[in-house]
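[1] I would like to see how this sequence folds:
(4 chains)
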4 protein chains.
Amino acid sequence: MIHRLDESAAGVYVIAVTPFTDSGQIDEASIDRAVEFYLEKGVSGMTILGMMGESHKLSMEESRAVMTRYLRRVDGRVPVVVGVSNPGTDPLVSFAGEAMAAGAAGVMVAPVSTLKIDEQIFAYFSGVLDRLGDTPVVLQDYPLVTGVNIAVETLVRLFERYSSIKMLKHEDWPGHTKLSRLRAAPGRQVSILVGNGGLYLPQELARGANGAMTGFAFPEMLVDVCAAFQKGDAEQAEDIFDTYLPLLRHEAQPGIGIALRKETLRRRGAIASAHVRHPGPKLSAEDLHELDRLIERQERRLLGEPALAAAS
Amino acid sequence: MIHRLDESAAGVYVIAVTPFTDSGQIDEASIDRAVEFYLEKGVSGMTILGMMGESHKLSMEESRAVMTRYLRRVDGRVPVVVGVSNPGTDPLVSFAGEAMAAGAAGVMVAPVSTLKIDEQIFAYFSGVLDRLGDTPVVLQDYPLVTGVNIAVETLVRLFERYSSIKMLKHEDWPGHTKLSRLRAAPGRQVSILVGNGGLYLPQELARGANGAMTGFAFPEMLVDVCAAFQKGDAEQAEDIFDTYLPLLRHEAQPGIGIALRKETLRRRGAIASAHVRHPGPKLSAEDLHELDRLIERQERRLLGEPALAAAS
Amino acid sequence: MIHRLDESAAGVYVIAVTPFTDSGQIDEASIDRAVEFYLEKGVSGMTILGMMGESHKLSMEESRAVMTRYLRRVDGRVPVVVGVSNPGTDPLVSFAGEAMAAGAAGVMVAPVSTLKIDEQIFAYFSGVLDRLGDTPVVLQDYPLVTGVNIAVETLVRLFERYSSIKMLKHEDWPGHTKLSRLRAAPGRQVSILVGNGGLYLPQELARGANGAMTGFAFPEMLVDVCAAFQKGDAEQAEDIFDTYLPLLRHEAQPGIGIALRKETLRRRGAIASAHVRHPGPKLSAEDLHELDRLIERQERRLLGEPALAAAS
Amino acid sequence: MIHRLDESAAGVYVIAVTPFTDSGQIDEASIDRAVEFYLEKGVSGMTILGMMGESHKLSMEESRAVMTRYLRRVDGRVPVVVGVSNPGTDPLVSFAGEAMAAGAAGVMVAPVSTLKIDEQIFAYFSGVLDRLGDTPVVLQDYPLVTGVNIAVETLVRLFERYSSIKMLKHEDWPGHTKLSRLRAAPGRQVSILVGNGGLYLPQELARGANGAMTGFAFPEMLVDVCAAFQKGDAEQAEDIFDTYLPLLRHEAQPGIGIALRKETLRRRGAIASAHVRHPGPKLSAEDLHELDRLIERQERRLLGEPALAAAS
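    Coordinates of the predicted model:
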């Protein structure tokens, strides 16, 4: 089945890792394993070649190879969004074309880091979106990494002008009020999935988000939280979330986060190696031990052990 | 009793707020209430006129008034550190002198934001510390806000050269490895209290921190975590911590965090008004409702209700 | 005579230095000398306690002393603008009140560095300007230092809403197009003086600037350029400018620029010491020798020696 | 002739543009014209695919095409350096291999923008240089654009450890003192060519630079300045430089600079179109008129007309 992203997209679009072998080559077999892992956990979609997919460390040929393998393995079971952000609009448009031809449901675009004010941001996206035509687009709003701050008003103007924008990946920080204002804005609404490591997911669902687009190594939590919220049980959603929060917060650290995530996915059997390409973080023995303890504590919590032993 | 900060400092040095009236004047009566609130919760020390104490929004005269009132009310019951960071070294040194004369246990200094490389950072602190003489100093390492990144090696060189540095306020992010490396470094060790909203306190205690210097509106949690860790029960420490983590993470948001903290302290009776001076954040009705829910959920957890209702 | 800044302000408002003794104290006698030096060179106004006036390295008491001395010595001969930028609006407003009471013609305000998007910038200035009432204000737009980028549209909205804004200090970079757009905007126009070390003064005059607000140690050049342009001789204006450009470009370097400027002013007899307060740059023997050569070359050019010896 | 960059490199290595057609395609015929233009002006070398070569806006295939065409046309007449900076080390190393195989004299590498402190910078370059083996490398030090500040000590350590570093492209700002300190450092010296638009070339030559690596649209000036300095006539060198300084300063503006440069090169017949790829600046009618005037004034100066008409 060929998916095309639209404004009704919801649930968890997992940010998929790019697996490498221990020696740093693309590990295509692990792409297959990762796909099955993510699907088994119930994700509604996948986003490949995003920032946490180390797309900026791949050659164009490698990007193509990863994209092709992911799309083939997923084989239409869920929609796949392809990250195509690029400092140049020409290669961006060209790669977006390849992605759509290969079966992507849409592409994700973050602003280039030289943009400073709203009119520059609007002009940038106009320049890109005019050329992308009717390709479904996810606009990624992630100031902590891009350095670009987009006003609510500018987002709303872009949504109005470009019906090809189907989704916002919302990861401004702090961003709760921005989310509320986006939902309160008149005019066309798009799907909003939250990033930022998922650190505020329950609050953001309550404010109108449709789900999450992040890569936490326990995606089943994100899935369960969204499902519980969807069926109207916000308290249960938040209970589930809180159980995983200590580990979630740990993995959400900038810099080292990708290494923690890949190591956790490796332990869970999703990929064969936790290798992160250079330049990138490496985990020390102490980091690994710390991760052990946090995972172990989480497992105990999942068995229903009271969180506050101190209270008894 | 006159305290003088030394390397043995440990526990919780709460970052104390500067309370204003609803119309924005210094609220001296609320300083008294805040002091009693903090002491009642068991803090080991206080830090006033820090970044979250809105010190940059006070006139020099107001800073003096806040300092005087805090020191008088504390009256030697715990040591008080005074934030004296300043873009100019002359006013910094002059205000540090006033603080020590008024009974402060030490002063806290963050680097000016124009510093870029290690040798500039070392030279900056040399220029300041040479003039501060034997005044006990807390060095604040908070790159997210100052924009200044200090290498472990530079910190170690500063600790070696300046015995007046008694404490490091550690809030690099990610910072776990930095903390481990500081503890593994040869030579003189200083007290290390962690900031960063306390978001990683259990992990940081395990890596050698001596406590926390942050202003979470439930300082009793920080106190209990440090105490449990101190008596050897790291698991219990972390259980206590995890119970408060959802709210802690909420308050730790940049920008809006100070408004959430002051509102929570107001509800707890520590201060009369949650007023934050301009320029600063304001809470919407939705923000207040969200805070209600998070506090209510925390209260339920403290009553021992299983965290994961979903598991039953 | 009491001046009050209005939209007709033009010419050179020199950014006046804050002179220190070699040991770093305020040098009040040099304030008097600097005033006479600047007036003798023909400036139309002065701006004191700006960024290059090292205002951020003064205590509040010292700021008052510098302001008082400058205003007394100028004694109404030209209008004096006082820099009052401050991270807190309360001390900003309070000091602005003091400045106006002491005889300032207006105050200069730069945005605080935490502002990111246009609506925050507008809200910030609204908060400040509402409280400043009818105090004449110079809005300083200097992104390289403040990190805040203000859109043309936002400036225009501010000018429309706040008639108290009488002048824009324009130092965006690149900024020529911004200047043209500001001049082409409908609605109320304000005086625009350019900063940025004066590096683009002829081009900016041609695009509608009314003069310069910068502190080049040869202010007579700025004065002559503006005068020649004013009487309609743009070519002559640019010839004068080009003669000084090698030195102007040298002094306009960030960081070290203030030390070069003060040393040049010292050589010219405007101040007694080139001392820059900590933290700040110091000139090496090589720096001084380089400055010697550049000044000597300029003096030769002023004697009419052809610039391109090579061409003969 | 096959060149291999070594420490003796000197003179002008022009930063070559990437010419596009008006519709934005690579213009291979203009590459040929640009090569002949640059060689005719006397450059000692060329650097292609640098930041001002818009390399970040090319696809990998286009980068290859530009590189191949440039290398073929130059055909060994001068050494050609290829910019290979890349957020990922794998594609960087791979493209560097292609460049050397195609006949490049060396490759240029700037640090990735996530590096913060010296040890990270050293580790980054170690990771890259270890894999580049004996490929001759130009290390680009351009903090204004990369956001990475490299200490003199770190550069010296890198030069000592990696004999493959043959050249430093020096464009720190301010950077005069850094240059002097690099030249005064013990140990192996490398070639130092200055960038920063060439804005300080005479001063930098006096402090030990070996030439310039920048792309000013009048490269003959850079060539003449270096030649005059080389034969011992620093005054003449600076006279030549000063004649071009008004235009040099204009072109050196960030952002719009590349558009001004390409337009000037187009007028001089070096390339067929001034097209800059999206995202990038566009010149208005007013910008073009301003450029006209600056070029016209320069032509008059070159004819020996006294610079200061005002003096006569």
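[2] Quick check on A:Ile165: phi, psi?
    Note on A:Ile165: its backbone torsions stand at phi -80, psi 110 [degrees, to the nearest 10].
[3] ranges for the helices of the stretch 201-312 of chain A?
    Ranges of helices in the stretch 201-312 of chain A, per DSSP state H, counting those that start in this stretch, are A:201-206, A:219-230, A:234-251, A:257-267, A:285-302.
[4] which residues touch A:Pro211?
    Rather than Pro, residue A:211 is Gly. Contact partners of A:Gly211, counting by Cβ atoms under 8 Å, 6 or more residues apart in numbering or on different chains, are A:Ala9, A:Ala10, A:Gly11, A:Val12, A:Tyr13, A:Ser44, A:Ser191, A:Leu193, A:Val194, A:Leu205, A:Leu222, A:Cys226. No exception for glycine: its C-beta is placed from N, CA and C like everyone else's.
[5] what about A:Ala65, which SS state?
    When classified by DSSP: H, G, I helix; E, B strand; the rest coil, A:Ala65 comes out as helix.
[6] Run a quick neighbour tally on the closest residue to it other than its chain neighbours.
    Using Cβ to Cβ, 6 or more residues apart in numbering or on different chains and skipping residues adjacent in sequence, the residue nearest A:Ala65 is A:Ile26, 5.9 Å away. By other Cβ atoms under 10 Å in any protein chain shown, 19 other residues sit near A:Ile26.
[7] Pretty sure A:Ile26 sits against A:Ser63.
    No - using Cβ atoms under 8 Å, A:Ile26 is not in contact with A:Ser63, being 9.7 Å away.
[8] circling back to that earlier point, show me the two of the contacts of A:Gly211 that sit farthest apart.
    Largest separation among the contacts of A:Gly211 by Cβ to Cβ: A:Ser191 and A:Leu222, giving 15.4 Å.
[9] returning to what we had before: name the nearest of the contacts of A:Gly211 relative to C:Arg73.
    Among these, A:Val194 lies closest to C:Arg73 (Cβ to Cβ), at 59.5 Å.
[10] Low-confidence ranges, chain A, go.
    Scanning chain A for pLDDT under 70 picks out the ranges A:305-312.
[11] List, one by one, the residues from it near chain D.
    A:24, A:54, A:56-62, A:87-91, A:94-95, A:112, A:114-115, A:124, A:127-128, A:255, A:277-279 (Cβ under 8 Å from any Cβ of the partner chain).
[12] Can you tell me which of those residues are buried?
    Neighbour counting with 16 or more other Cβ atoms under 10 Å in any protein chain shown marks A:54, A:56-60, A:62, A:87-91, A:94-95, A:112, A:114-115, A:124, A:128, A:277-279 as buried within these.
[13] about what we covered before: right, and the helices of the stretch 201-312 of chain A - which one's nearest chain C?
    For these, proximity to chain C was assessed by Cβ to the nearest Cβ; helix A:201-206 is nearest, at 20.1 Å.
[14] Packing partners of the closest one?
    Helix A:201-206 sits against helix A:176-184, helix A:219-230, helix A:234-251, with contacts defined as 3 or more Cβ pairs under 8 Å, 6 or more residues apart in numbering or on different chains; DSSP states H and E.
[15] is the shortest one anywhere near chain B?
    Yes - legend: contact between helix A:176-184 and chain B by Cβ under 8 Å from any Cβ is shown at A:His176, A:Thr177, A:Ser180.
[16] who wins for neighbours among those residues?
    The residues of helix A:176-184 next to chain B, ranked by neighbours (other Cβ under 10 Å): first place A:His176, 23 neighbours.
[17] In contact with that one, which residues?
    Counting by Cβ under 8 Å, 6+ apart, the residues that A:His176 touches are A:Tyr200, A:Gln203, A:Glu204, A:Arg207, B:Ile256, B:Glu286, B:Asp287, B:Glu290.
[18] Specify which member of the residues of helix A:176-184 next to chain B is nearest to C:Asp134.
    Nearest to C:Asp134 among the residues of helix A:176-184 next to chain B: A:Thr177, at 33.1 Å, using Cβ to Cβ.
[19] Would you check that the closest one makes contact with B:Ser284?
    Yes - with contact defined as Cβ under 8 Å, A:Thr177 counts as touching B:Ser284 (6.5 Å).
[20] Take the contacts of A:Gly211 and keep only those in strands.
    If you go by DSSP state E, these have A:Gly11, A:Val12, A:Tyr13, A:Ser191, A:Leu193, A:Val194 in strands.
[21] In a markdown table, list those residues along with distance to D:Arg297 and neighbour count.
    Listed next are these as a markdown table, based on distance: Cβ to Cβ, whole Å; neighbours: other Cβ atoms under 10 Å in any protein chain shown:
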| residue | distance to D:Arg297 | neighbour count |
| --- | --- | --- |
| A:Gly11 | 64 | 21 |
| A:Val12 | 63 | 30 |
| A:Tyr13 | 58 | 35 |
| A:Ser191 | 56 | 22 |
| A:Leu193 | 56 | 28 |
| A:Val194 | 56 | 27 |
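[22] out of these, who's nearest A:Ala217?
    Nearest to A:Ala217 among the ones in strands among the contacts of A:Gly211, with distances taken as Cβ to Cβ, is A:Val12, at 13.0 Å.
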